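Chemist: next one to model:
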Amino acid sequence: PGPPLGAASVWDVNHASQPAAVRLGSVSSCGGRLHADPPALCIRALTCYPTQPRRRGIISASDAAEEAEKAAFDYVICGGGLAGCVLANRLSSAGKRVLMLEAGGSKYHQLRVTLPAGVLKLFQTDLDWTYFSEGERDCYGRPIYLCRGKILGGSSCTNVLLHFRGSAQDYDAWDAKGWTASDVLPFFVKSHNDATGRQANAPLFHGLGGEWNMDDVRYQNPLSRVFLTAAQEAGLPLNDDFNNWDRPQVGAGRFQVSEKNGARVSGASAFLDPILKKRSENLVVATGARVQKLRVETEGESAKATGVVFTDEQGQQFTVGVKPDGEILLCGGAVTSPHWLLLSGIGEKSELEYHGIDCVVDLPEVGKNLQDHPAAVVSYTCNRKHSGISVTSKLRVGKSKIPNPWPVLQWFLTRSGLLTSVGCDHGAFYNTSPARNAQPDLQIRFLAARAVTPDGMNSFTKFREKKAHEDGFSFQAIAARAKSRGSVSLRSADPDNTPRIDCAYLSHEDDIATIREGIKLGRKMGMSPAFDKYRGEEVFPGPKVQTDDEIEDYIKRTLHTANALVGTCSMGPVVDEALRVRGVDGLRVCDASVIPVIPGGQTATPVVMIAERAAQFLLSPVTSPAVPDQEALKPAAGEGEEPPKEEELNVEATVAA
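Modeler: Next up, the predicted model:
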């Protein structure tokens, strides 16, 4: 028996707009009480959670060309990920006619996406491009799995929700005009809505009223509280706000997450939904539309992007153009955006010619500078006295694979509890070598669970197949400011062939040193007095791995991604400070690929900032990021002041404006 619900279904409690007839398994209402067969209820809830119907504004790929014939588009956005969703919102809200092309589907409201713990059912599924890097030479030739979201909202629908901006020093170090910490901070705050109460204490760094909602996870496992004590015993201070730039990033604490009322906030739910609900005629979203290449017209030495070639799910090809003064905006991310450029003849001339592609613009750095956060794991079992304490045990009924119905009911009824957590929402930042690093080079993510395998990404996929998983706890050591540089390149001239991805993990010696010291720190915390009464045996790396050489060997054999790919259309050599592709008019890249140096922390929130910045460039009559909107500089009526000359403007004037 559950709490009184009258005649309403579980779905109706939190989604009054949905039909009352929705059923979630073997559920009946009798005498104001809810009755259910728990396993049936849970399984039905996880697999048959209602999804929103296709809304006005979301069309099939084959209909997109028809829409273009009705009226030309001001902007065509290639890629419906996080950056694309932000731009679609901002540009269409400003009265611009926008088409967004997304290869994935539109079911971003299904339970496995909106439920934070549903991340266990996302990796290597139909919602994932399931990329693998080429054999990594410094990891014994191992290909590394790379999750990239294949759905409206992109990887913001498949990531672990963590909200970080990095530090102010990260942006100052970009050395890009108009992209210093003081320049970008207003664009971080613009879309931010702080639901944690931190805004009251740090209003400069936290916003209210934006679409990008940030909260604390509405659940804390007992082992996570122990972790915070263990971190202090290991010498780390507590840090209750990793996004407050008035304090050092170092320390241990709870990580903020992109959630609202205990549910995932994705780019699609945050930025697309408000526009689609308004039934705006300005925005058209085409799903199942796979971009093949750009149409680039040349005249003499000049080049201009005038259209996009794409296919529908049946492989039929279409071309859509933009207005004469319109632009094409690439938002495919660090793997796909450089691939599109290369397929379109924009890249290193020798590579293009090798694959039989005419070189339109010789930009040798397209696809170069790939960066990521590599990681390795320390993991322990819990002793038998604390059987059932880990999140993995609480998710299931006994030693079976049957989901535990009670966390599901708690989430549906109160939007709190275990299922609001992706598991790694506690952690720390630490500088393993102050002599070598000006900032923390290590991120620790704590999980109140024993790793299934030493490959953290593989653990997510293997857990859903495994019965009777032991209790335990783990520390994921991440090179937060990795220095290795890889590349994305052509496999062939066929757009349907995935590109070659060489992450070049551990090619810089500092990265393996950072992770090695992270393994040692994880062990130090795992062996601290705080964990004494919980600790069983060390599972990974295992007691036989002790020397630096042995630890480094373990890292090379088990290294995995923390999912933060950036840098392949870098600001500077590939795009200018206004994100315009060098040498091609009417074309910009507006996603994580423009980041020149990876910031310390997960990269979803920096992508929102980049898209907000891009929208400003497009909607304001600026000539460079360092020049404010000229309208904002006009004197008030009667003042008779002339606007400052362009050459007199600087970054400080921009921030003031």
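Chemist: can you tell me the SS state at F310?
Modeler: strand (DSSP: H, G, I helix; E, B strand; the rest coil).
Chemist: hey, what's it bridged with?
Modeler: Residues in a beta bridge with F310, per DSSP bridges, are V291, F318.
Chemist: what distance do you get for it to S593?
Modeler: Between F310 and S593 the computed distance is 19 Å (C-beta to C-beta, to the nearest Å). C-beta coordinates here come from the backbone N, C-alpha and C atoms, glycine included.
Chemist: same drill for those two, tell me which one is more crowded.
Modeler: S593 (33 against 25; other C-beta atoms under 10 Å).
Chemist: for that one, what are its contacts?
Modeler: G332, G333, A334, S337, P338, V566, G567, T568, C569, S570 (C-beta atoms under 8 Å, 6 or more residues apart in numbering).
Chemist: same check on R97?
Modeler: A71, A72, F73, D74, Y75, N282.
Chemist: what's the helix ranked longest in the chain packed up against?
Modeler: If you go by DSSP state H, the chain has its longest helix at helix 509-526. With contacts defined as 3 or more C-beta pairs under 8 Å, 6 or more residues apart in numbering; DSSP states H and E, helix 509-526 has these neighbours: helix 222-233, strand 374-382, strand 442-447, strand 472-479, strand 535-540, helix 548-558.
Chemist: looking at the ones you listed, which one is packed in the most?
Modeler: strand 472-479 (a mean of 28; mean count of other C-beta atoms under 10 Å).
Chemist: returning to what we had before: the longest helix of the chain to strand 535-540, inter-axis angle?
Modeler: Orientation of helix 509-526 against strand 535-540 (axes from the mean of the first three to the mean of the last three C-alpha atoms, to 10 degrees) gives an angle of 160 degrees.
Chemist: buried residues of helix 509-526, list them for me.
Modeler: Of the residues in helix 509-526, 510-519, 521-526 count as buried by neighbour count, 16 or more other C-beta atoms under 10 Å.
Chemist: one more: stretch 253-273?
Modeler: Under 16+ other C-beta under 10 Å, the buried positions of stretch 253-273 are 253-260, 262-273.
Chemist: what about L419, which SS state?
Modeler: Under three-state DSSP, L419 comes out as helix.
Chemist: where does pLDDT dip in the protein?
Modeler: For the chain, the stretches with pLDDT under 70 are 1-56, 460, 464, 466, 621-657.
Chemist: now for the residue nearest to D138 when sequence neighbours are not counted: which residues touch it?
Modeler: In space, and not counting its chain neighbours, D138 is closest to L506: 4.0 Å by C-beta to C-beta, 6 or more residues apart in numbering. Contact analysis of L506 by C-beta under 8 Å, 6+ apart lists E136, D138, C139, P374, S484, I512, I555, K556, L559.
Chemist: wait, which of these is closest to C359?
Modeler: Nearest to C359, judged by C-beta to C-beta, of these is S484 at 28.4 Å.
Chemist: I figured the closest one was touching N369, is that so?
Modeler: No - between S484 and N369 there is no contact under C-beta atoms under 8 Å: 10.7 Å.
Chemist: close enough to count as contact, N369 and V575?
Modeler: No - judged on C-beta under 8 Å, N369 makes no contact with V575 at a distance of 11.8 Å.
Chemist: next, the buried residues of stretch 382-398.
Modeler: C382, H386, I389, S390, V391, T392, S393, K394, L395, R396.
Chemist: my bad, stretch 295-307
Modeler: By neighbour count with 16+ other C-beta under 10 Å, stretch 295-307 contains the buried residues R295, V296, A303, K304, A305, T306, G307.
Chemist: which residues does the nearest residue to the fourth one once chain neighbours are set aside contact?
Modeler: Among residues not flanking K304 along the chain, D585 sits closest, at 4.2 Å (C-beta to C-beta, 6+ apart). Under the criterion of C-beta under 8 Å, 6+ apart, the contact partners of D585 comprise S302, A303, K304, A305.
Chemist: give me the phi and psi angles of D585.
Modeler: phi -80, psi 150 (degrees, to the nearest 10).
Chemist: if we can go back for a sec, mark which of the contacts of R97 are buried, thanks.
Modeler: Using 16+ other C-beta under 10 Å, the buried ones in the contacts of R97 are F73, D74, Y75, N282.
Chemist: which one of those sits closest to A468?
Modeler: Nearest member of these to A468, counting by C-beta to C-beta, is Y75, at 52.9 Å.
Chemist: and the closest residue to that closest one other than its chain neighbours, how far is that from C157?
Modeler: Excluding the flanking residues, the one nearest Y75 by C-beta to C-beta, 6+ apart is V98, at 5.0 Å. Distance of V98 to C157, given as C-beta to C-beta: 20 Å.
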